[in-house]
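>>> heads up, no residue letters with this:
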C-alpha cells in the first residue's frame, strides 16, 4: 500500500528536489556565463581599440602593478614589511572607483536607465533629487535639514570616526570658528561669518510642492550654533531671512533651477545688504569711493546637479538655463581684480565663485566678491576655492602665511562665507595661523624658462573625487616629487610640490594612475604665475605641514621630449 503523506509532508519532500533537464541546465548556465563574461569582455575590446597613445593593458590589470615585485617579496622579513608591500586601502578604493568610472558598459547603460527613472518616476540618484517644475536639489543639502543636529554628541562622535586612519575629520564647527576668530582678534582683525543657506531652505516648495510642508526649515542644531557663536563674540550675517523675503515679496527664484547655487539677482541682493551692514558697523578706514561700473551679460549652462544625474548628453529633460549677470569693471573697462592691500578679505567657496570663475559655466567677473566690492565702493581681497568651505580657504590662508605671503597685512575685516551644509558634513580642522614674526621668509623666485622640464620620483599624491559625484567638474591634486633631474631649463631644487589636473570636465586624468616611486616627466610653471588662473578651482592639497614650505609649481605631464611638449600645449589650458 503506498505511503500516504500529509500536504505539509509532501511539500517538504518536494522542496528539496528540483528536477531540470540537461538542455535547460545548459541553456541557463550559458546565459549565466555570457552575462558574467560580457562586461569584462566588452571592456577589453573597448580598451584594446583605443587610439595608439591611450592604448595599453586593459585597466583591470592595474591591480597587478599594485602587487609587490619579486624584489620586494624577497625583502619581506616581518608583518610590517608585508603590510607596507601590499596595496593600501586608498589605492584599492581608487582602483575600484576607476573600474566603475571607466566601465564602458556602465557608461552606456546607466545614463539610459537614469533617463527613464527620472523622466517616468521622478527618481534621482545618490547625489541628485528631482523636484517640481524641472528643479533639482543636491542631496547633501537636503540631508542637512533632515538629519539629526550637527552639534549632537552622538553625531559628533560618529563623524569623528573615519576609515582613514591617517586623518579623521574634526566635526565640530564651533571649535574651528571660535579658534579662527580668536587668532584673528590677536591681530586686531574682526571676523564676520556668512553661512549660506542650501537650496531646500529657501525653496522647499520646489521640492515638496508647498511652503507649508513638514520639511524642516533648519537643522535642529542651528539655533544652538548661532547662540553659542554670538555668545563667543562672533558676528554672524545670515542671508536666509533676506532671501526668503525676496522670494515672497518679489515672487522670484533665488536659486538656479538645476544648480546648487543662488541666482545672480539673489547674490547681488545679499552683497548689497552685507555692504550696508559693513559700512554701518565696521572700523574700516575712510577711502575715496572707487568708480566701478557694471555691464549686463547673458550666461547659460546646465546646472551642476543636472550633470550629477549622469543623463545622456542628448537628454531633453533639463535644458540650459539662461541668466543675466552683472560684470564688474573698473573705469578703464578692465575686469575687477582682488587687491591684496585691501582692508577686507573674503574667504569663500563656490557660492562666491559662481559667476566669477568662467570654467563653472556661468560667466566671469560677476561673482560675490565683485558685487560686494561694487556696493562697498572699495577694493577687496579674496581667497575663494570651490569645495571644502569648512577648511580649504582657512588652510590656504595659513599656507600663504607659512610661505611668507602675509595675506592678513593691513586687514581689518575677514568675511568667512561657506555653504550651510558644511556644518553637518565638513571637516572643521583646527588650523593655527603662524605667528607673523616667526613665519618663513618668502621663497626665492627663480627665473624659469617657459619650457622648464624635469623628471622626478613621486613620493605621494592626493586624489580627486569620483567624477560626477560632486558639484564640480574640475579638480587639482597635489604631488610631492623628489630626486629632481632637469632636462630643460634651470631648477636647483631636489624636491618640490606640484599641482596638476586630477579631474577635468568630469573625467579623471592620467595623474590619478600615478604610483609611489614612479618616475614622472613634467613641464613646470611657478605656481605664483598661474595662481590667478587655477587658484579658485577645487583642489586637494597634501596634508603635511613640512611639505607646505616646498616651492610650488603647476605641472603638465610631457611623456618626454619635444613631441611631448608640443602635445601638452593644449592640455595646459
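All right, it came through fine. Keep in mind that this is a model prediction, so the values were computed, not measured.

>>> Provide a list of residues in contact with residue 475.
Each residue near residue 475 by CB atoms under 8 Å, 6 or more residues apart in numbering is listed here: 387, 464, 465, 501, 502, 503, 537, 538, 539, 540. C-betas here are computed from N, CA, C, even on glycine.

>>> Columns secondary structure and neighbour count on top of the residues you listed, output as CSV?
Listed next are those as CSV, based on DSSP: H, G, I helix; E, B strand; the rest coil; neighbours: other CB atoms under 10 Å:
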residue, secondary structure, neighbour count
387, coil, 21
464, coil, 26
465, coil, 16
501, strand, 26
502, strand, 25
503, strand, 27
537, coil, 22
538, coil, 24
539, strand, 24
540, strand, 20
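
>>> and residue 238, how many neighbours does it have?
If you count neighbours by other CB atoms under 10 Å, residue 238 ends up with 16.

>>> Quickly list what the nearest residue to it once chain neighbours are set aside is bridged to.
Once flanking residues are discounted, residue 238 sits nearest to residue 195: 6.5 Å by CB to CB, 6 or more residues apart in numbering. Per DSSP bridges, the residues bridged to residue 195 are residue 418.

>>> tally of neighbours for residue 195?
Applying other CB under 10 Å, we find 25 residues neighbouring residue 195.

>>> hey, where'd the helices end up in the stretch 401-550 of the chain?
Ranges of helices in the stretch 401-550 of the chain, per DSSP state H, counting those that start in this stretch, are 422-425, 527-534, 545-548.

>>> so which of those helices comes closest to residue 39?
Ranking the helices of the stretch 401-550 of the chain by proximity to residue 39 (CB to CB) places helix 422-425 first, at 32.9 Å.

>>> avg pLDDT for the closest one?
Average pLDDT, helix 422-425: 96.

>>> Remind me what it packs against, helices and strands.
The helices and strands touching helix 422-425, judged by 3 or more CB pairs under 8 Å, 6 or more residues apart in numbering; DSSP states H and E, are helix 139-146.

>>> picking up where we left off before, list the contacts of the residue nearest to residue 238.
236, 238, 417, 418, 419, 420, 423.

>>> now the stretch 201-350 of the chain, which segments are flagged as low pLDDT?
Flagging of the stretch 201-350 of the chain using pLDDT under 70 yields the residue ranges 211-214.

>>> What segments of it are helices?
Assigned by DSSP H, counting those that start in this stretch, the helices in the stretch 201-350 of the chain fall at 205-208, 222-231, 240-250, 264-281, 304-308, 350-353.

>>> Now do the fourth one: distance to the chain's middle.
This points to helix 264-281. Centroid separation for helix 264-281 versus its chain: 27 Å, with CA atoms, centre = their mean, to the nearest Å.

>>> One more: the fifth one?
Using CA atoms, centre = their mean, we find the averaged C-alpha position of helix 304-308 to lie 13 Å away from the chain's own average C-alpha position.

>>> Endpoints of stretch 531-551, how far apart?
Counting by CA to CA, to the nearest Å, you get 13 Å between the two ends of stretch 531-551.

>>> and stretch 382-389, average pLDDT?
On average, stretch 382-389 scores 92.

>>> And it, end to end?
14 Å.

>>> what residues does that stretch touch?
Contacts of stretch 382-389 (CB under 8 Å, 6+ apart): 338, 345-350, 352-353, 356-357, 360, 367, 369, 392-393, 396-397, 400, 407, 417-419, 422, 426-427, 470-472, 475, 535-539.

>>> 7 Å instead?
Stretch 382-389 is contacted by residues 338, 345-350, 352-353, 369, 392-393, 396-397, 407, 418-419, 422, 426, 470, 472, 536-539 when judged by CB atoms under 7 Å, 6 or more residues apart in numbering.

>>> With stretch 530-545 instead?
Here stretch 530-545 makes contact (CB under 7 Å, 6+ apart) with 167, 353, 357, 384-387, 395, 460, 462-464, 472, 474-478, 480, 497, 499, 554.
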